[in-house]
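In: need the 3D shape of this:
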Amino acid sequence: MAGALYAYVAGEDINWDWQNYHDYGAFALVHGRFDVDVAPGGFQTFLNPLVYLLPYVLRHSLSAPWWGLALGALHGLNLALIWWVTRVLLGRAADAFTITAAVLIAALSPMALSEVGTSFADILTAIPILIGVALIFRDDEDGGRRFFIAGLLMGAATGLKLTNAVFLVGAGVSLLLVARPLLALTAFGAGSALAGIVTAGPWALKMAREFGSPLYPFYNTIFRSPEAPLGSIADTRFLPQGLLDALAYPFYWLVGVHPSSESPFRDPRFAVVIVLLIALVVTALWQKREVLTLRDRRLIILFCVSYVLWMLAFSIQRYLIPLELLAAPLIVLLLVRLIDAWREQAAPERPSRSVQVVVLIAAAAVALGSQPSDWGRRPWSDPYRPQLAQALQQPATFLMLQKPFGYLAALLPEGSRFYQLAEIVVPIVPGGVLDRRVRSGLSDPLPGGIWALYFANSRPDYQPRLELLADYDLRIDETRPCEHLWAPDKVEVMACPVVRGAISAASTAGLKPASRAD
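Out: Next up, the predicted model:
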């Protein structure tokens, strides 16, 4: 209910990645378009599309706002799982107050909130990760079955979105401290390997057959596909500049500085975890005794290993959502342990009234100190329903000269072809698989003709690459008017007719085709 309500209040999801490749990936999977089109979502087109299938089906099967509410309700299940994880982790200290505190902290997690009701996969794959965490921290003696199931869930999350591998590794390292580590690691590893093969294997096999690399176009220094540059494709914008900068990230987030995200947010959770951990270490040294249980230490290991791997690999805030949610029960747990350590008498079976009050006040402070990101929304009163001009209502070939246009594949006439020519990270290799596909499609014209897609009023540093048309002996037809579409964020899109007969790149760069408005 909370997830559905927030999705309704926040509005219709129109995030950039949905416009670029989330929607297209699932569309292509459903309609068998991967062997017809050429990277409408840029190089992200080649990521495993399976994880985007459910948001696509809901969005294109239900009317607005019902698809958003359904997706938000699904994402809201993370709060139910935080309730369960908190009960498992706190044990005897879990009562209505401590559980409420953890759920409150999790409910206002800034990155998780920003993805409620959207096509992003981070919050969706957090669900199996949290279930896996709950299973590996239960006390059941079941011969390793719960570790196997946890491995299945976390392996599936990793197969669907490879960035989740950091949590898989963190969970595996934490199992070194269980009573029978070899059994636990064997069961967990078997489950994760099986699920990873099932969820990622078919797509990896397809990429290997078509492009010579199971992870095409990534890690091409290893796989050396002739269709991709021999270099590393990695977004390094958010990585810290040295150790001190890395240590400062949680405190940047505390005050609203966001070096790990394009979109502003504020999050005190990780700074609070660090402060509480330092306080507990000082307490243990001062009192010369253990203040954390073995299970507490396992949780801290999982959290810290996953966090460090995340920072070394990406430092992209959205990818940290499982830990952002898991920080809620961790904060409550550390706070309870810290208060109990400084009490004169032994800790009671249940937290005292003073502990309950402190925990709730701390939870409220963390929740109120949070501010979610915004990846782009529209009011549900004005859902995105583009109107197509008469000239665009027949199957045609669409040449994309900018991004993001992938979402248009599901909206333009069925049977159309979509070729992204302007991808910079993984450009089309002359004579390669994708280049031959473009030339083959152009030689077999569709009844609607050929159209170039680009934004009408692009900023100076992001002009449409009209000169790319010359590579295929094409040019904008100046004798016919361009048509107009409106992108979800109300930016004007030009659809200009294209004809054979290339002109010089210099002439193309200065070309301004006529439009119906002109």
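
In: switch to C-alpha atoms for all contacts and neighbour counts from now on
Out: OK.

In: give me the distance between residue 393 and residue 362.
Out: The spacing between residue 393 and residue 362, counted by CA to CA, to the nearest Å, is 58 Å.

In: let me fix that: residue 69
Out: According to CA to CA, residue 69 and residue 362 sit 31 Å apart.

In: the two - which one has more neighbours?
Out: residue 69 (25 against 18; other CA atoms under 10 Å).

In: got the buried residues for stretch 211-226?
Out: Neighbour-count burial for stretch 211-226, counted by 16 or more other CA atoms under 10 Å, picks out 211-220, 223-225.

In: contacts for that stretch, please.
Out: Applying CA atoms under 8 Å, 6 or more residues apart in numbering, the external contacts of stretch 211-226 come out as 43, 46, 203-208, 227-233, 426, 432-433.

In: okay, now the unreliable bits of the stretch 201-350 of the chain?
Out: 344-350 (pLDDT under 70).

In: quick one, helices of it?
Out: 220-223, 243-254, 269-287, 294-313, 321-341 (DSSP state H, counting those that start in this stretch).

In: the buried residues of stretch 211-226 into a markdown table, with extra columns for distance to residue 386?
Out: Converted to a markdown table, the buried residues of stretch 211-226 look like this (distance: CA to CA, whole Å):
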| residue | distance to residue 386 |
| --- | --- |
| 211 | 35 |
| 212 | 38 |
| 213 | 37 |
| 214 | 37 |
| 215 | 35 |
| 216 | 33 |
| 217 | 32 |
| 218 | 34 |
| 219 | 38 |
| 220 | 38 |
| 223 | 41 |
| 224 | 41 |
| 225 | 38 |
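
In: quick check: the farthest pair among these?
Out: Longest distance between any two of the buried residues of stretch 211-226 is 12.9 Å, between 211 and 219; criterion CA to CA.

In: show the contacting residues for residue 390.
Out: Shown in contact with residue 390 (CA under 8 Å, 6+ apart): no residues.

In: could I get the buried residue list for the lengthiest strand in the chain?
Out: Ranked by residue count and defined by DSSP state E, the top strand of the chain is strand 492-500. Within strand 492-500, the residues that count as buried by 16+ other CA under 10 Å are 492, 493, 494, 495, 496, 497, 498.

In: next one: stretch 281-294
Out: With burial defined by 16+ other CA under 10 Å, the residues of stretch 281-294 counted as buried are 281, 283, 284, 291, 292.

In: redo those residues as a markdown table? Include distance to residue 245.
Out: Converted to a markdown table, the buried residues of stretch 281-294 look like this (distance: CA to CA, whole Å):
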| residue | distance to residue 245 |
| --- | --- |
| 281 | 23 |
| 283 | 27 |
| 284 | 28 |
| 291 | 30 |
| 292 | 29 |
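
In: and those, which two are furthest apart?
Out: Farthest pair in these, by CA to CA: 283 and 292, 10.5 Å.

In: check contacts around residue 107.
Out: By CA under 8 Å, 6+ apart, the neighbours of residue 107 are 79, 113, 367.

In: now do it against residue 86, distance only.
Out: Relative to residue 86, and taking CA to CA, residue 107 is found at 13 Å.

In: quick revisit: now, among the buried residues of stretch 211-226, which is nearest to residue 441?
Out: residue 211 (19.1 Å).

In: quick one, phi/psi of the spatially closest residue to residue 21 that is not a sequence neighbour?
Out: Closest residue to residue 21 apart from its sequence neighbours, by CA to CA, 6 or more residues apart in numbering: residue 41 at 4.3 Å. Taking degrees, to the nearest 10, you get phi -100, psi 20 for the backbone angles of residue 41.

In: neighbours of residue 41, how many?
Out: With neighbours defined by other CA under 10 Å, the count for residue 41 comes to 29.
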